[in-house]
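Asker: quick one: sequence plus predicted model below, questions after.
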Amino acid sequence: MKLYIKYMVSDRCKALVQNELINLGVQSEYVVVDLGIVEIHKDITDIQLEQLKENLNKAGLELLEDSKSKLIDKIKALITKMIHSSEEQPKVNYSVFISEQLGYNYNYLANIFSEVKGITIQQFIIIHKIEKAKELLFYDELSLTEIAHRLHYSSVAHLSSQFKKVTGLSPSFYKHIREKRDSVLENL
């Protein structure tokens, strides 16, 4: 069972939710997966769920309705599939693509997503695009120009800029580190 918690955007919020679950006696049945999400391995009672909802509200957090929870899962799955599983990225803006695929206004989706996850859909997309770029650099299949084109960056400079913001490294330095590590491993 997954629970989505609105406004849970810091480690303090995470600790608060963990304490609430301990107080309800379900500490051994849960795993906090991510900010905004709690995965409970066993079903909890309606009374426990209602008590959790009430206690979270007192702390300024909100247990999301099931329909919103499913919508966030759909957004994440669509983005992950779009970037990691598909060879061809959509030809339209991501916002238009996500809105069309899910049948909701993009602003509505963006608001729900950022309230729960603590980041915007665009930031989530950038993180996944950089992970895909790292994967492609790691396997040395494509040049940086080809990677930028495949991930729909306007230029190699734009990709490099976002790569450095997310990882702290330039793509070429990342590739150099990988190559150096590989040569050290070969010499062992």
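Answerer: Great, that's in hand. Residues are numbered from 1 along each chain as shown.
Asker: buried stuff in stretch 140-150?
Answerer: Of all the residues in stretch 140-150, those buried under the rule 16 or more other C-beta atoms under 10 Å are 144, 147-150. For the C-beta atoms, the positions are set from N, CA and C on the backbone; glycine is no exception.
Asker: just how off-centre is that stretch within its chain?
Answerer: Put simply, stretch 140-150 sits 23 Å off its chain's centre (C-alpha atoms, centre = their mean, to the nearest Å).
Asker: outside of it itself, list whatever touches it.
Answerer: 87, 89, 133, 136-137, 155-156, 158-160, 171-172, 175 (C-beta atoms under 8 Å, 6 or more residues apart in numbering).
Asker: go with 7 Å
Answerer: Taking contacts as C-beta atoms under 7 Å, 6 or more residues apart in numbering, the residues outside stretch 140-150 that touch it are 133, 136-137, 155-156, 159, 171.
Asker: doesn't V38 fall inside a strand?
Answerer: Yes: with DSSP: H, G, I helix; E, B strand; the rest coil as the criterion, V38 is located in a strand.
Asker: wait, it sits on K14?
Answerer: No: using C-beta atoms under 7 Å as the test, V38 is too far from K14 to be in contact (9.1 Å).
Asker: more crowded one of the two?
Answerer: In terms of neighbours (other C-beta atoms under 10 Å), V38 is the more surrounded of V38 and K14; the figures are 23 against 17.
Asker: tally of neighbours for the nearest residue to that one once chain neighbours are set aside?
Answerer: Nearest residue to V38, sequence neighbours excluded (C-beta to C-beta, 6 or more residues apart in numbering): L3, at 4.6 Å. L3: 22 surrounding residues under other C-beta under 10 Å.
Asker: kindly report the same for the one 3 residues further on.
Answerer: Other residues within reach of K6, judged by other C-beta under 10 Å, total 18.
Asker: and what of H176?
Answerer: The number of residues near H176, taken as other C-beta under 10 Å, comes to 12.
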